[in-house]
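> Generate coordinates for the sequence data below:
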Amino acid sequence: MINRIVKRIYTVWKIRLDSPMNISGSENTLTDSDFIRNGSGELFIPGTSVAGAFRSYLNQKKDEEGIFGYSSGEKGFMSSVFFSDIYFDESISVSVRDGIRLDEDKIVQKKHKFDTEILETGACGKLYIECVIRERDQEANFYESLHRIAAGIQNGEIRFGAKKTRGFGKIRITEIYEKSFTKETGKEWTEFLKDQTNLSIYDNVSPEEYLHDLGETERRYLKITLPLRQKGGISIRKYSAQPNKADYEHITCRGVPVIPGSSWNGAIRSLAERILEELGCPGRNTLLDKWFGYVLDKNDKNIMQREKARRSMVTVGESVLSDPRGDRCVQIPVSRNRINRFDASTVNGALYSEIACFNGHTELEIYIEKKEDWTALTALLCLIMKDIRNGYLAVGGQTAIGRGIFTSDGEIRYSEPVNEAQCMEELCRVLDAAE
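Alright, predicted model coming up:
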């Protein structure tokens, strides 16, 4: 049966990176994981990655009908929505982020040092979307799906690339443009195709207005925000071999001091394991793997008995350090040397310098995916965040000399009402079942 096209809707989303991003290609020339580039060397987000992230967020299966098309036996139809690649403006900043894997004693494990090429926070680009509406289609479904996707982006629930659960890949829609055509405006559509990248021929719609008709939708994640203030300094090292530079300095993004999500996650998971051990939970490793995810080494003897990887239910954002006025926190150069314990003399060649950050204010953002036992996980993370703001959990290096300690700078905020007492009861039930 003929199902004619009756309308075409074109949408442009101007986006901005709210955190670093890495979408790896097949090359590892510059780092262990280079950002994907086209033939001209331009960085971009492939349309396949965009569509995959959106389809996953909407939970549309390959054999289920929806705007992304489906295939089930001899039945099916192609996708009715098309996404472009996302290219970025010229004013982008690319850097290399080092990574290591630590053991329980915070010692670097052998063969677990790596580096990643990242596109830094602040990069801007455009996503072009085309929706094809046919006679038997429900046009409202297209608008609802796109608006739900836009809401997922604005809420920080849809992310792109690698290390999404460690603070990478968060974007924000800053401007929206729309233009629609019917059979009666076919001539205008032909002219539109000649210059469809010209935003002046679209209708401008604010993101707030765009999402207004959607109303309150059920979020897939619970967001917890913890305002924090430094007590002393923090040092998450970025090394340098350049002359007249500090031997290492606190890690930055576009020159602004940050705390990577991977650093937060490592400290949080370590404390979670210690809490579960103190509570006498014999099945704590299983719970930690389920909640925080895991990746198996190729040499793991149990690799055939377990999944090769499991995605974390916890997404930890990258925190920006600033002072109370919104400026950067204080970065102080410090020179130190090693002392001979026998005669208290300076060890020859053991002088080094660093740049540490002091007096910073920040916010720790944690997103909890609402899957199995997520309320119990919420209770565990609430205990951990109370330890953080009481100064019992330090982040980064040199914690033995007072670095990486925080105190509360405000009340914990939830994206929706949370009954902490009920969550604690659920945690107790889950721990009893794990025994």
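> so what's the nearest residue to Asn340 once chain neighbours are set aside up against?
Take Asn340 and drop its neighbours on the chain: the residue closest to it by Cβ to Cβ, 6 or more residues apart in numbering is Val347, 5.5 Å away. C-betas here are computed from N, CA, C, even on glycine. Listed by Cβ atoms under 8 Å, 6 or more residues apart in numbering, the contact set of Val347 reads Asn337, Arg338, Ile339, Asn340.
> what about stretch 167-186, average pLDDT?
For stretch 167-186, mean pLDDT rounds to 92.
> Quick check: end-to-end length of that stretch?
Distance across stretch 167-186, first residue to last, is 45 Å (Cα to Cα, to the nearest Å).
> Show me which residues of that stretch are buried.
By neighbour count on 16 or more other Cβ atoms under 10 Å, the buried set for stretch 167-186 is Gly167, Phe168, Gly169, Lys170, Ile171, Ile173, Glu175, Ile176, Tyr177, Lys179, Phe181.
> Please identify the helix or strand for Leu271.
helix 261-278 (DSSP states H and E).
> Residues contacting that helix, please?
With Cβ under 8 Å, 6+ apart as the test, helix 261-278 has contacts from 19, 99, 102, 104, 163, 165-168, 236, 284, 287-288, 291-292, 312, 314-319, 364, 380-381, 383-384, 387, 393-396, 431.
> what ranges do the strands span in the stretch 101-250 of the chain?
Per DSSP state E, counting those that start in this stretch, the stretch 101-250 of the chain carries strands over the ranges 108-119, 124-134, 171-182, 203-205, 221-230, 233-234, 237-239, 248-250.
> out of the ones you listed, deepest packed?
strand 233-234 (a mean of 26; mean count of other Cβ atoms under 10 Å).
> Test my guess that Met78 contacts Phe68.
No: counting by Cβ atoms under 8 Å, Met78 stays clear of Phe68, with 9.4 Å between them.
> Could you list the low-confidence segments of the stretch 301-435 of the chain?
Along the stretch 301-435 of the chain, segments meeting pLDDT under 70 span 301-308, 324-328, 349-350, 435.
> Enumerate the residue intervals of the stretch 51-200 of the chain where per-residue confidence is below the cut-off.
In the stretch 51-200 of the chain (pLDDT under 70), the answer is 63, 76, 99-113.
> So what does the residue located most distally from the centre of the chain have for phi and psi?
Within the chain, the residue lying farthest from the chain centre (Cα atoms, centre = their mean) is Asp343, at 50.1 Å. Main-chain torsions, Asp343, degrees, to the nearest 10: phi -120, psi 10.
> separation between it and Arg336?
Asp343 sits 19 Å away from Arg336, taking Cβ to Cβ, to the nearest Å as the criterion.
> mean confidence score for the helix holding Leu271?
92.
> quick one: buried residues of it?
261-269, 271-273, 276.
> Can you dump the C-alpha atoms of that helix in CSV for me?
Presented in CSV, the C-alpha positions along helix 261-278 are these (Å, rounded to 0.1, in the frame of the first residue of the first chain):
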residue,chain,number,x,y,z
GLY,A,261,35.0,12.1,37.1
SER,A,262,37.5,9.1,37.1
SER,A,263,39.2,10.5,40.2
TRP,A,264,35.9,11.0,42.0
ASN,A,265,34.7,7.5,40.9
GLY,A,266,37.9,5.7,42.1
ALA,A,267,37.7,7.3,45.5
ILE,A,268,33.9,6.7,45.8
ARG,A,269,34.1,3.1,44.8
SER,A,270,37.0,2.4,47.2
LEU,A,271,35.0,3.9,50.1
ALA,A,272,31.9,2.0,49.0
GLU,A,273,33.9,-1.3,49.2
ARG,A,274,35.2,-0.4,52.6
ILE,A,275,31.7,0.5,53.9
LEU,A,276,30.2,-2.8,52.6
GLU,A,277,33.1,-4.7,54.2
GLU,A,278,32.5,-3.0,57.6
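> Which helix or strand lies directly C-terminal to it?
Following helix 261-278 in sequence order, the next helix or strand is helix 284-292 (DSSP H and E).
> can you give me the angle that following helix makes with helix 261-278?
Put simply, helix 284-292 runs at 150 degrees to helix 261-278, going by axes from the mean of the first three to the mean of the last three Cα atoms, to 10 degrees.
> Name the residues of helix 284-292 that are buried.
Residues of helix 284-292 classed as buried: Arg284, Leu287, Leu288, Lys290, Trp291, Phe292 (neighbour count, 16+ other Cβ under 10 Å).
> that older thread, ok, the residue nearest to Asn340 to Gln60 distance?
According to Cβ to Cβ, Val347 stands 63 Å off from Gln60.
> mind checking which helix or strand the residue nearest to Asn340 is in?
Under the criterion of DSSP H and E, Val347 resides in strand 346-358.
> and that strand with strand 221-230, angle?
Taking the same axes, to 10 degrees, one finds that strand 346-358 is oriented at 120 degrees with respect to strand 221-230.
> Would you quantify the distance from the nearest residue to Leu30 once chain neighbours are set aside to Ser235?
Leaving aside its chain neighbours, Leu30 sits nearest to Glu117 (5.7 Å; criterion: Cβ to Cβ, 6+ apart). Glu117 sits 23 Å away from Ser235, going by Cβ to Cβ.
> Thank you, goodbye.
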